[in-house]
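>>> Structure for the following, please:
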Amino acid sequence: MTWIVALVAVTLGLGGGWIAYSANRRRAERERRREHRAIPATARVLAHHGGALPRARDVVPLRLRLLLEAPNAANDREIEVDWEVPPDRLDDVAVGKRIRVRIDRFDPERVYPGIAGAERWAGDTTTTSH
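Alright, predicted model coming up:
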């Protein structure tokens, strides 16, 4: 009888793990598709904070204040983003540099980095008016 209980417990544990794994893969795939559909744009780095210590994945966490540049200057706006940038790409996000970005079609507050190896972190954007 105890082996049946153990078998049921193992089956439920494995099933729950598989469900969680599958849900995480689907969420990651949706995020990749969303980033792929984002609108290409350029931005100028106005300021950056952080970058003291690389994380375990050999990236540097940064909070950047960017000026998103629209085709007509009337729609330029400032935004803050939290990105993880590889240490060898820190010069690409120096103050005053122009960088490529991608703006989410469905949520213009989401801005993805156009820098090789850089990624945005969840909950990264806060807009300020310009």
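
>>> Quick check, residue 102 in contact with residue 39.
Yes - contact between residue 102 and residue 39 holds when scored by C-beta atoms under 8 Å: they sit 6.4 Å apart. C-beta here means a position set from N, CA and C on the backbone, and glycine is covered the same way.

>>> confidence score at residue 80?
pLDDT, residue 80: 92.

>>> Is it in a helix, a strand, or coil?
Applying DSSP: H, G, I helix; E, B strand; the rest coil to residue 80 yields a three-state assignment of strand.

>>> re the thing from before, so residue 102 and residue 39 - more neighbours on which side?
A count of neighbours by other C-beta atoms under 10 Å puts residue 102 above the other of residue 102 and residue 39, at 19 against 11.

>>> where do the strands sit along this structure?
Taking DSSP state E as the criterion, the chain contains strands spanning 39-50, 60-69, 77-85, 98-103, 111-113, 119-120, 126-128.

>>> Now do the first one and strand 60-69, the angle between them.
Angle of strand 39-50 versus strand 60-69, following axes from the mean of the first three to the mean of the last three C-alpha atoms, to 10 degrees, is 130 degrees.

>>> just to revisit the earlier point, include distance to residue 7 when you put the strands of the chain into CSV, please.
Compiled in CSV, the strands of the chain are given as follows (distance: least, C-beta to C-beta, whole Å):
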stretch, distance to residue 7
strand 39-50, 49
strand 60-69, 45
strand 77-85, 43
strand 98-103, 49
strand 111-113, 46
strand 119-120, 41
strand 126-128, 50
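
>>> deepest of the ones you listed, which one?
strand 111-113 (a mean of 24; mean count of other C-beta atoms under 10 Å).

>>> where's it relative to the chain centroid, distance-wise?
The gap between where strand 111-113 is centred and where its chain is centred comes out at 7 Å by C-alpha atoms, centre = their mean, to the nearest Å.
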